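# here you go, sequence then predicted model.
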Amino acid sequence: MRITHSSFAAIGLTALVEMMVSPLAATPPASWQMVFSDEFDAAQLDETKWSTTMAFVGIHGPRYHNEYYSSYTLDEDVLLGDGLLRLRTDRHEVKGDNPAGDFAYSQGLVSTHDKFTFTYGYVEIRAKYPGGKGLWPCFWLMPQNLAAWPPEFDIAEYYGGQRKMHHGLAHGTMRDTLWDSTGDTETEFENVWHTYALEWTAGRAVWFVDGVVRKTIAAEYVPNTAMYVLLSNSISSARGPSSAPDENTVFPNFFAIDYIRIWQAPAPVVAKASVEPAPAVVAKLEASDLPAVVEPVIESVQP
């Protein structure tokens with residue numbers, strides 16, 4: 001796997017200035033413990049935490065999803081530098097081999113499948129989303145069990161063609177998939193730093209942007225299965241929610257992530273029952289407690 005390192009020299013000063021203006025973040029309950037994080041300070045992607053392929057149902061191969069997409073996943077579109085993970089999309093001819101085919105766009109994607117999963121917790125990123133028709137960057141969760149879709153959490157899925165941020169949960173069955181969705185077209189998401197978070201507990205899910213609650217679901221269909229994290233910067237086809245790119249869509253573009261952090265509630269302490277050994281009983285026997293000894297009477301037997 002080849003992960004490209006970029007210095008981003010031309011935008012370094014601007015990025016530093018932007019980073020100083022930090023949006024508000026929601027915080028998990030004080031007793032919760034951090035169980036996963038990446039500050040993206042290294043020169044290369046941490047392969048103990050991330051892979052760069054897809055692993056879920058409905059795909060034609062681990063580098064291309066389905067007909068709602070136009071982009072093919074390439075490792076060189078996963079870039080690290082200046083303390084950021086940047087997932088790039090670009091418009092150029094791509095010869096795919098997994099699956100085989102010709103593609104007009106490439107994309108960057110990272111996933112924790114088979115490397116980190118969690119059931120319940122608080123997950124947050126600080127990120128800057130690109131804008132433009134056809135762009136489809138997303139922060140989402142998928143089930144570790146590949147045959148278990150749905151559920152799917154779309155924590156912050158941006159439809160550039162609609163200028164809409166989607167917060168949603170897919171539930172039900174594969175044949176009868178139901179969506180609980182909310183779309184935000186009022187907030188300015190393009191090329192602006194925000195924090196995006198999900199607090200997921202039994203029967204309840206809460207979406208945050210900059211520490212402000214944007215969506216709440218309290219229902220029995222909130223999943224209770226192990227899920228993994230995906231960060232992707234995809235290109236929509238004409239059938240997809242962002243429509244196909246047009247001549248005004250800027251390429252290359254970048255979905256920039258400053259960090260990801262995940263907390264969970266501490267495991268409950270189960271008290272062990274204390275079993276005291278039964279005290280030994282020492283009985284003092286008196287002479288009167290002993291049975292009387294009766295001497296046998298031997299009778300003579302006459303021949």
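Done, it's in. Owing to the predicted nature of the structure, the values given are computational and were not obtained by experimental measurement.

# and the top strand by length along the chain, which residues are buried?
In the chain, taking DSSP state E as the definition, the longest strand is strand 84-97. Neighbour counts using 16 or more other C-beta atoms under 10 Å place 84-91, 94, 96 of strand 84-97 among the buried residues. Yep, even glycine has a C-beta here, placed from its N, CA and C like the rest.

# for stretch 153-161, give the mean pLDDT please.
Per-residue pLDDT values over stretch 153-161 give a mean of 98.

# partner strands of the longest strand of the chain, with direction?
strand 78-81 (antiparallel), strand 100-111 (antiparallel), strand 253-264 (antiparallel) (DSSP bridges).

# chain center to it: distance?
22 Å (C-alpha atoms, centre = their mean, to the nearest Å).

# equivalent analysis for stretch 147-155, please.
A distance of 10 Å separates the centroid of the chain from that of stretch 147-155, by C-alpha atoms, centre = their mean.

# repeat for stretch 60-79
In terms of C-alpha atoms, centre = their mean, the centre of stretch 60-79 is set 19 Å apart from its chain centre.

# repeat that for stretch 175-186.
The answer for stretch 175-186 is 18 Å, by C-alpha atoms, centre = their mean.

# need the pLDDT of Ala55.
Note on Ala55: pLDDT of 88.

# so it sits against Thr112, correct?
No. Ala55 is beyond contact range of Thr112, at 10.2 Å (criterion: C-beta atoms under 8 Å).

# which one of those two has more residues nearby?
Thr112 (23 against 15; other C-beta atoms under 10 Å).

# and Leu169, what is it in contact with?
151-154, 179-181, 205, 217, 221-223 (C-beta atoms under 8 Å, 6 or more residues apart in numbering).

# which of these lies closest to Pro23?
Top of the list for closeness to Pro23, among these and by C-beta to C-beta, is Asp154 at 19.9 Å.

# show me what the closest residue in space to that closest one that isn't next to it in sequence is bridged to.
Nearest residue to Asp154 in three dimensions, chain neighbours excluded: Gly168, at 4.5 Å (C-beta to C-beta, 6 or more residues apart in numbering). Counting by DSSP bridges, Gly168 forms beta bridges with Asp154, Ser181.

# can you give me every residue that contacts Gly168?
153-154, 157, 179-182.

# what of Trp50?
38, 110-112, 115.

# residues near Pro143, how many?
By other C-beta under 10 Å, the residues close to Pro143 number 21.

# go ahead and confirm it touches Asn224.
No. If you go by C-beta under 8 Å, Pro143 and Asn224 don't touch, sitting 10.7 Å apart.

# related to what we said a few turns ago, of all the contacts of Gly168, which comes closest to Pro29?
Phe153 (19.4 Å).

# pLDDT value on the closest residue to that closest one other than its chain neighbours, please?
With C-beta to C-beta, 6+ apart as the criterion, Phe153 has its nearest non-adjacent residue at 4.0 Å, and that residue is Leu141. Here, the pLDDT recorded for Leu141 equals 98.
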